[in-house]
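Asker: fold the following, please.
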Amino acid sequence: MVKKLLHTRMRVNDLERTVKFYEDALGLKVARRHTSPRGAQLAFLQVPNSDEEIELCQLPNSPAVQVQPDLMHLAFAVDDLAAFAVRLEAKGYKLSDGPTPSGSGSIIAFIDAPEGYEVELIQKG
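Answerer: Modelled structure (predicted):
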């Protein structure tokens, strides 16, 4: 049986630009970097209060990543969405959608990460 989820991998075109986004906009930290046996450049991001990591992967000599709309997203909990949005704007990032109250009493918003991946921000009700 599966014991737990370890990481989610996302292919990217520009590893450094994507790492910078997750560090600057969301405050994630790089846990480790290495080159895979296939030559892929990998960066593993630590997620606060979670054992799961996000693996960013840039494959050399491969077709460009083209993320389809609504294909997938990552969702992160925030304490105060309005304050978080203000901090994002001060760093040059803008919400792409929201804030929007949900039926459960939560407030959700989205920000676009490099490559077209979407990040959902959730303030629990």
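Asker: buried residues of stretch 45-58, list them for me.
Answerer: 45, 47, 53-58 (16 or more other Cβ atoms under 10 Å). C-beta here means a position set from N, CA and C on the backbone, and glycine is covered the same way.
Asker: show the average pLDDT along it.
Answerer: Taken as a whole, stretch 45-58 has a mean pLDDT of 95.
Asker: what sits up against it?
Answerer: 4-15, 18-19, 22, 27-31, 36, 40-44, 74, 76 (Cβ atoms under 8 Å, 6 or more residues apart in numbering).
Asker: quick one: end-to-end distance for stretch 46-60.
Answerer: Distance across stretch 46-60, first residue to last, is 24 Å (Cα to Cα, to the nearest Å).
Asker: with secondary structure and distance to D80 as added columns, please give the buried residues of stretch 45-58 in TSV.
Answerer: Formatted as TSV, the buried residues of stretch 45-58 follow (DSSP: H, G, I helix; E, B strand; the rest coil; distance: Cβ to Cβ, whole Å):
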residue	secondary structure	distance to D80
L45	strand	22
V47	coil	19
E53	strand	25
I54	strand	23
E55	strand	29
L56	strand	27
C57	strand	32
Q58	strand	34
